[in-house]
Every structure is written in C-alpha cells, then in structure tokens.
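Novice: below is the sequence, then the predicted model.
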There are 2 protein chains.
Amino acid sequence: MPDRFVLILAGGRGERFWPWSTPARPKQLLPLASGGRTLIAATVERAARVAPLERIVVLTARDLVDAVRRECPAGVQVVGEPAGRNTAPAIGAAAVWFAAEAPEASFAVMPSDHAIDRAADFTADLERAFGYAEREAALVTFGIPPTGPETNLGYVKRGMRVGERLYRVAQFTEKPDREAAEGYLATGLFSWNAGIFVWRSRVFLDALEASRPAIAAPLRALAQGTRGPGFDARWDAAFPALESISVDYAVLEKAPNVFVLEASFDWDDLGSWGAWARRQPRDGDGNVLHGDAVAVQCRRCVVVGEGGTAAALGLEDMVVVHVNGSTLACRLDQTDQVRKVTETVRARSRGGPS
Amino acid sequence: MPDRFVLILAGGRGERFWPWSTPARPKQLLPLASGGRTLIAATVERAARVAPLERIVVLTARDLVDAVRRECPAGVQVVGEPAGRNTAPAIGAAAVWFAAEAPEASFAVMPSDHAIDRAADFTADLERAFGYAEREAALVTFGIPPTGPETNLGYVKRGMRVGERLYRVAQFTEKPDREAAEGYLATGLFSWNAGIFVWRSRVFLDALEASRPAIAAPLRALAQGTRGPGFDARWDAAFPALESISVDYAVLEKAPNVFVLEASFDWDDLGSWGAWARRQPRDGDGNVLHGDAVAVQCRRCVVVGEGGTAAALGLEDMVVVHVNGSTLACRLDQTDQVRKVTETVRARSRGGPS
C-alpha cells in the first residue's frame, strides 16, 4: 500500500468575488461548490477519497486558519503560513513533512478554490497519476481540455504521448493575452494548467534542489513534521525568508520528467461572478437571481442580494451584487476585472486618493 | 395687512427615490434640497417668507407626523391625515380652518417635495399671486416654463393675458403621453402645473361647494380649527369618508376664475434619481459620486453609497445606488420607472409572486 498524502493550498484571497469575497472570507470559504458547500470543504472531501484524513494538510494564511479549520473534518491538519510565499515554498515544505513521515511518500497538490463535481472521475484520474508518479519518478500535472481562449489561466502544451491521456509536457506558459490564447487553442495541443499535481516527495525535492537550492535547504530544517515541539518558531523563522515563486516557474518549467494527464473530470476555476453564474439556474429571461434579488424587465442578468435587496431595472447582460453591505455593478463580460474595484476600494480605505 | 396662511402638502410617498426613499422616509424627508436640507424643511423656510410660522399648516400622513415635525420650527402646525384623500379634501379642510381663524384669510398651497433655490424670486411671485387672488377673487396657479416634453407632470394651457406673466387658464391637462407632450411644447402655450396655488379661503370653498358639495359640507364641521377639544375625533370620522380626488380635477378644471402666473423662480420636481443627479457636481468623467461611491472606468454614471460601498465598473449612463441596505441599478434614462421596482419589492414582501 503506497504512502499517499494530499496538500491543499488555501492561501488565496479570491478578490474577483468582491463584495462576496473579503480578505477575511476569500473565495475558498464561500459556498460556491455544488450543494451549497464551501469550495474548501468540497476539496477536502475529494482529497479524502485518495488519502486518509490524517494525511491531508491544508496550508492557508495564518489569519484564515480558524475559518478553514471549521470547514475540515477532525484529523485534517491546517497549517498557517506566517507570510504568503506562492506555491513553490509551500509545496516544498509539505514534501519535507510527508517524506519525514513516510520515506516513500507521494502526494497530490490541490488548489482549494476550484469546482469539480464528478468525484469518481476525479478519484480515478488521481489514482492513475499517483501510480504513474510512484512508478516512473514522474512529476505529473493535470491538463484541462480548454473550452475557450481563457486569459486568466496558464496553459500546458502536450508533447510525446506516453499513455492514455498522458503526455510529456512540451511547454508551460504563463497567462496569455487573448491573441496568444486563441493561437494555443488553434493548435489543439494546449490544455489549461489546473494547478493539480501528483509526485513523490523525494522526486519533487530533488527537482526543487536542482532548480532552487536556496528554497530546498531551509525546508530541510522543518523535516520533523508540523506538530513537534518548537515547530511554530522554526516555521515562522524559516518560511518568510524563502523566495516567493510559483512551482510552475521554480520547478516544472525546468525539470525534465514532467508529464500532463488530460483530466476526465469536469473542472471550473470559478474565476469570476460570470463563471459562477454559468453554473446557476436561470429564469425564463435568462436571469440568475440569488437571495433577495429583483429583476424587472431584465435579460441575462445576474442579481444577488444577501443581507439586503438587490434590484435591477431594464438591464441586459449585467451583474448587480449586494453582499456584505457593499454593492457591485458591472457588465457580465467584465467580471474578470473586478480586481480593479477592490484595488480602488483598498486604496480609499488606506486614505489614498479616491 | 392681509391674513395670509400657507398649507404645505407632505403626504406623498415618493417611491421613485427607492431605495433612498422608503415608506417611513419618503422623498420630502430626504436631504435633496440645496445645502443638504430636507425638501420639507426647505419648503417651510420658503413658506415662512410669506406667512408667520403660526399660520403655516403641514398636512402629512399620520405615520409621518413625528418625522415631519422634526423638520419644522416651533409654531408650525403638523396635522396627520387619518387616510390619504388626494389634494381636494386636504385643501378644502385647510380652507375651512383658515377662514375660521380669519374670515378674509388667503392661503398658498405648496407641495413639499420640489426644489426651488431662488427664494427671493419665489417670494416676489407669491406676493403677486396673493395680491391678485385677494383683489380679484381669483384662483391662481403657478406655471413652470417647460424645458422638455415631460410625461410625469400635468400641463396648464394659457389663455387671455391679464397682466405681466399672468393669464387666464384655457385648459388643464393630466400627465400626457410623449407625443401629446411634444405637441404641447410646439404650441408655446403650455406650462407645467407645479401644484402651487394661491387663493382666498372663501373663494376656494365657494368653488369647491359648486363642484363637489359632498366634499365641502362635511368639512364645515371641522371649522373650529385644528387644536380645539374633540378635533381629532371629528377629523378622524369626517376625513376618511371624503371622496379621494385631486384639486385640479375637482375644482380647477371646472371653475371659471382660474389664472396662471408664469413662475420667475427656478423649479425642479426632482422626480427621479436622474433629475436629482442633474443638480449634483460631476467628476472629470461626468460621474456623480455621492457618499461611499467608487466608479472605475465609468462615464456619466451616478453612484451613491450610504451605509456601505457602491462600486460601478466599466459602465456608462447608469445609476448604481446602495442606500438603506438595498441596491438599485438601472439606466440613467429609466430612473422615472423605478416605481416598477418598488411595486415588485412590495409584492414580494406581501408574499405575492416574485
């Protein structure tokens, strides 16, 4: 029986769901998953299909630890990062902890803020990835068949086929502009990078050591696990000093043994109000009405009222949201730019120019 | 010295300013007048320029009496209507009270929810109207030079000229449709009916007696004034039984001695968010930002945040309002249809179909 673990990354702030999302309750803590569950709770449930609860670690921001822990069953460890350092240091730390617990440990990395409904397909794909990663010393990523020229996601280009839906990675790319994204789709060789990874701890640490020794070395000092005496002090001292860098850039773009498994499960990054609305039921005029919402003579609008009435009159293709005592109105095709609003709101609250 | 009084009508519900206006705080109680005063307070100030405070009566809905009284200086009488009966019974009651106090009483009728800034011009026009009404036993109305084919106002057609800016009324009209309104403007003979009237109590009561004796007779029983013993009981018994009808329809369209004075003062009925916004300062992109309001990449938008942040992103010619814990979004050219929203919200709160 292989020693399988799961690392769930739950440190994001998910500002594009403002005003629903707030710094204290980012996207992964919103009830955006099917059945009204939070995304983090749904992620832990999926993780529990491939690893025992005691072998699941959730990394999040320190101020979110309590809120995240309330969404997790007993046994799951929730560890707070003293400072955000992107994914490479976080995954490296988990690799060290898991290897200390089981020398042949392998683990899956799962973002906490995506929606996946077909859990059986997800589990089957994960099992395949674990098997391949354990057998071939491979770094396995998941590719999502793209449904459009998305500019808010990274892409993976498939190389040589090595098995059913399984390929060598030819290239990782950052978030492209619209034109580049359309070019990727035209080739038929690119998948979205879902940020889901499977590998053995030692294989990952070897790759990290090779590409970023300055990150790998301090993490060794944390090898005694997350619950031993003095862990907090060592963790607080070591982690914030690490380079802040993504695992894609630090490791995957450089390692020779990276593979991509084309996902057979559904996947949605729920990156915006518009993405969320696509999964909601609509009325006869194509409107999504959620909570205390009124739409008069509207078509294809998204109206959300929580803690107050949200009313739209005579609009088309608009989002009108009243949540957490704040209001947002924008066009449905601009919900991926809501961060511009949160930046302005933040600047105002700091006393900057309005 | 003539015996001059003022009746201020403050019973309206002003739903087009939802969600700023609510049943408990309708338009006349909002700080929409210049200098941040409520419209009712500004109206009382104007009234006090033509009559002593003790000769000003404000009629409002019973549940609004306390809120209205807080906006009035001591001396002004605030009387609650046990039920709304439109303007003819209200003005008839006031005519009876004023005549009981001073047999030769004359009075002005003023709506409480319009904006008038040039108080000196207003006072001068009122003095002229009082003089003419007292001298000629005339029913004097005020006409506002129209600036567009407004469909939410009644119109007055001027007949024979009898003095500077003073005419016999040829015709009163109800709120017209767009085509009719444009026809009125083309003739150059129509003014907006501002609902401001001046007349002697006895002249008005004679006209009411002639056209609606069933309204005039019961009001005689209330002649002892508004503060005598037993007034409340008699008022509560008599008033709700009266026919609900406007003074225009009950009296002015039928009386032979009706005149219109073209106003020399500014006037705005502030009939909608759009009308309000036209009087507000704008930023460099033409946006009106009020309270806790954020507009990112917006042009010619109205964004209002009270008790919470209102944010608009990438919009043009839109209204986004967050007030009293509710949100409204609509196009700037549709703010005169906000009543459709309040009707829907009311139907929902009664448990009707949503």
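Specialist: It's in. A quick note: this is a predicted structure, and the numbers were derived from the prediction, not measured.
Novice: going forward, measure contacts and count neighbours with C-alpha atoms only.
Specialist: Fine.
Novice: center of chain A - which residue?
Specialist: With distances taken as Cα atoms, centre = their mean, residue A:111 lies nearest the centre of chain A, 2.9 Å away.
Novice: where exactly do the strands run in chain A?
Specialist: Counting by DSSP state E, one finds strands in chain A at the ranges A:4-10, A:56-61, A:77-81, A:106-111, A:139-144, A:155-163, A:166-173, A:190-200, A:258-262, A:288-296, A:302-313, A:318-323, A:326-331.
Novice: tilt between the longest one and strand B:326-331?
Specialist: Between strand A:302-313 and strand B:326-331, the angle comes out at 70 degrees (axes from the mean of the first three to the mean of the last three Cα atoms, to 10 degrees).
Novice: direction included, what does strand A:302-313 pair up with?
Specialist: Using DSSP bridges, the neighbouring strands of strand A:302-313 in the sheet come out as strand A:288-296 (parallel), strand A:318-323 (parallel), strand B:326-331 (parallel).
Novice: now these in JSON lines, with mean pLDDT?
Specialist: Compiled in JSON lines, these are given as follows (pLDDT from 0 to 100):
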{"stretch": "strand A:288-296", "mean pLDDT": "95"}
{"stretch": "strand A:318-323", "mean pLDDT": "97"}
{"stretch": "strand B:326-331", "mean pLDDT": "97"}
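Novice: re earlier: give the bridge partners for the residue nearest to the centre of chain A, please.
Specialist: The partner list for residue A:111 in beta bridges (DSSP bridges) reads residue A:9.
Novice: relative to residue A:169, which of the strands paired with strand A:302-313 is closest?
Specialist: strand A:318-323 (38.4 Å; Cα to Cα).
Novice: who's sitting farthest from the centroid in chain A?
Specialist: For chain A, the residue at maximal distance from the C-alpha centroid (Cα atoms, centre = their mean) is residue A:297, at 37.1 Å.
Novice: so which of the strands paired with strand A:302-313 comes closest to residue B:191?
Specialist: Each of those was checked against residue B:191 via Cα to Cα, and the shortest separation belongs to strand B:326-331, namely 27.9 Å.
Novice: quick revisit: and the strands of chain A as JSON lines, adding distance to residue B:101?
Specialist: Converted to JSON lines, those look like this (distance: least, Cα to Cα, whole Å):
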{"stretch": "strand A:4-10", "distance to residue B:101": "77"}
{"stretch": "strand A:56-61", "distance to residue B:101": "75"}
{"stretch": "strand A:77-81", "distance to residue B:101": "79"}
{"stretch": "strand A:106-111", "distance to residue B:101": "80"}
{"stretch": "strand A:139-144", "distance to residue B:101": "86"}
{"stretch": "strand A:155-163", "distance to residue B:101": "86"}
{"stretch": "strand A:166-173", "distance to residue B:101": "88"}
{"stretch": "strand A:190-200", "distance to residue B:101": "84"}
{"stretch": "strand A:258-262", "distance to residue B:101": "91"}
{"stretch": "strand A:288-296", "distance to residue B:101": "51"}
{"stretch": "strand A:302-313", "distance to residue B:101": "49"}
{"stretch": "strand A:318-323", "distance to residue B:101": "53"}
{"stretch": "strand A:326-331", "distance to residue B:101": "53"}
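Novice: circling back to that earlier point, need the contact list for the residue nearest to the centre of chain A.
Specialist: For residue A:111, the set of contacting residues under the criterion of Cα atoms under 8 Å, 6 or more residues apart in numbering or on different chains consists of A:8, A:9, A:10, A:43, A:195, A:196.
Novice: what does residue A:199 give?
Specialist: Applying Cα under 8 Å, 6+ apart, we find residue A:199 in contact with A:106, A:107, A:108, A:130, A:133, A:134, A:137, A:138, A:139, A:140.
Novice: show me which pair in these is furthest apart.
Specialist: Largest separation among the contacts of residue A:199 by Cα to Cα: A:108 and A:137, giving 13.9 Å.
Novice: the two: which is more packed in?
Specialist: When residue A:108 and residue A:137 are compared for neighbours, residue A:108 comes out ahead with 25 against 17, by other Cα atoms under 10 Å in any protein chain shown.
Novice: please consider this matter closed, and thank you.
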